[in-house]
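**Student:** Next come a sequence and a model predicted from it.
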Amino acid sequence: MATPLSLYIHIPWCRTRCGYCDFTTFELEESCRAEKVMPYVSALCMEIGRARVGIDEPEVSSIYFGGGTPTLLRISDFEKILASVHEHFTVRPSAEITTEANPETLSFDYLVGLRELGINRLSMGMQSAALHVLDTLERIHSPSRVLDCAQWARSAGFHNLSLDLIYGTPGESMEDWEFSLRAALDAGANHISAYALTVEEGTPLARRIAEGYLDDVNQDDMAEKYVLADEILSQGGMPWYEVSNWATPGFECQHNLQYWRSGQWRGIGVGAHSFDGRSRWWAPRSPMKYISTLNLGDSPVMGRELLTDEQKRMEHIMLGIRLAEGVDFELLSPAEKQRAERFIMSGHLHHTRERLICSLRGRLVADMILREILD
């Protein structure tokens, strides 16, 4: 059986750039669509063809359109990109095909169009159900818009709906956070990602905090909100399967599990990374450079790193410990096993059926545990 391969396709534009964002994204004015989007989509298709070279029996198990805001693309753009994927790869009939989406870019007709192309999973950036929190994050949709879009998505045939939430925004109360969690459940999501707000250096949010316009994030507050999320989502029929992700059983994100289980993937587009099980490589962050490189027939790879066996072992542990399934205890060295025993005794880790798994307490400090354990 062919080794499963995941494709990530990066769409780098947003209508406006959120104040906390540090991703490879750029604002897109509608008047510039023809000169920016069309050449980029053509370049994506060229890179998809290049990505096929050197892969034996490539069988795609998941496709993920990320951004940015992929739903700024027209349906015809998605159609062209997916046609290129099907031309060069064998896509499993059961493949999970996801697009990220911002609520303000969606309509019922647009969602119907996505579904007719075979896109079967929608991951929508909700972030919060509290208007003042959305304002602080510089999100331009209203809380009610998310509920409308969720209903449209269901009516359009999307039975796999994921909502992204952010907790710990300055000014967000515990009541705000609980309201957001329950609103996400009420919207009919069967997958919810909840991420602690990270204040990235150089972002507008970081400057507003540094200048005293906003309070800094509070780690104790974030820990309490994480515990509340786990409680409410678990009670709502969504157990955790990764530190920041909860899902109705059977609706875990297969694309992201490919990353966390150290599988193989190809990143297509600006700033995208790839991994073939031995090495990883990445593309330029400039759309102009990316497009011109491919138009010249050159490789868009800007850097490559060959991993040693020890690096692969370490990464497998660091990614796997974030999963509810944990990691194989035998992957640890004798010294690491000895250090892990301290966290097993303290209740931060469970050692069950030869797997090492984080408890709720352990999930709160997973990064610290890894620093303490690993050689």
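**Tutor:** Structure's in. What do you need?
**Student:** longest strand in this protein, by residue count?
**Tutor:** Of all segments of type strand in the chain, defined using DSSP state E, the longest is strand 90-101.
**Student:** which parts of it are buried?
**Tutor:** Buried residues in strand 90-101, defined by neighbour count with 16 or more other CB atoms under 10 Å: 91, 95-101. The C-beta positions use only the backbone N, C-alpha and C, and glycine is treated the same way.
**Student:** all helices of the stretch 1-150 of the chain, in order?
**Tutor:** Under the criterion DSSP state H, counting those that start in this stretch, the stretch 1-150 of the chain contains helices at 33-52, 75-88, 108-116, 131-137, 143-156.
**Student:** what's the third one packed up against?
**Tutor:** Just to be clear, that refers to helix 108-116. If contacts are counted by 3 or more CB pairs under 8 Å, 6 or more residues apart in numbering; DSSP states H and E, helix 108-116 sits against helix 75-88, helix 143-156.
**Student:** The fourth one too?
**Tutor:** Of the remaining helices and strands, those touching helix 131-137 by 3+ CB pairs under 8 Å, 6+ apart are strand 121-127, helix 174-186.
**Student:** separation between the nearest residue to residue 79 once chain neighbours are set aside and residue 36?
**Tutor:** Excluding its sequence neighbours, the residue lying closest to residue 79 (CB to CB, 6 or more residues apart in numbering) is residue 117, at 5.8 Å. Computed as CB to CB, to the nearest Å, the residue 117 to residue 36 distance reads 22 Å.
**Student:** what do you get for residue 53?
**Tutor:** As for residue 53, its distance to residue 36 is 27 Å (criterion: CB to CB).
**Student:** swap in residue 26?
**Tutor:** When CB to CB is the yardstick, residue 26 and residue 36 sit 9 Å from each other.
**Student:** the more surrounded of those two?
**Tutor:** Set side by side, residue 26 and residue 36 show unequal neighbour counts under other CB atoms under 10 Å, the larger going to residue 36 at 17 against 14.
**Student:** List the residues that contact that one.
**Tutor:** Going by CB atoms under 8 Å, 6 or more residues apart in numbering, residue 36 touches 13, 28, 287.
**Student:** show me the contacts for the closest residue to the first one other than its chain neighbours.
**Tutor:** In other words, residue 13. The shortest distance from residue 13 to any residue other than its chain neighbours is 3.7 Å, reached at residue 28 (CB to CB, 6+ apart). The neighbourhood of residue 28, defined by CB under 8 Å, 6+ apart, consists of 13-15, 36-37, 72.
**Student:** Whichever of those residues end up buried, select them in PyMOL.
**Tutor:** The command below creates a PyMOL selection of those among those that count as buried (16+ other CB under 10 Å):
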select buried, resi 13+14+36+37+72
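**Student:** Export the contacts of residue 28 to JSON lines and append columns for pLDDT and distance to residue 153.
**Tutor:** Formatted as JSON lines, those follow (pLDDT from 0 to 100; distance: CB to CB, whole Å):
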{"residue": "13", "pLDDT": "91", "distance to residue 153": "22"}
{"residue": "14", "pLDDT": "85", "distance to residue 153": "20"}
{"residue": "15", "pLDDT": "80", "distance to residue 153": "20"}
{"residue": "36", "pLDDT": "90", "distance to residue 153": "27"}
{"residue": "37", "pLDDT": "93", "distance to residue 153": "23"}
{"residue": "72", "pLDDT": "94", "distance to residue 153": "17"}
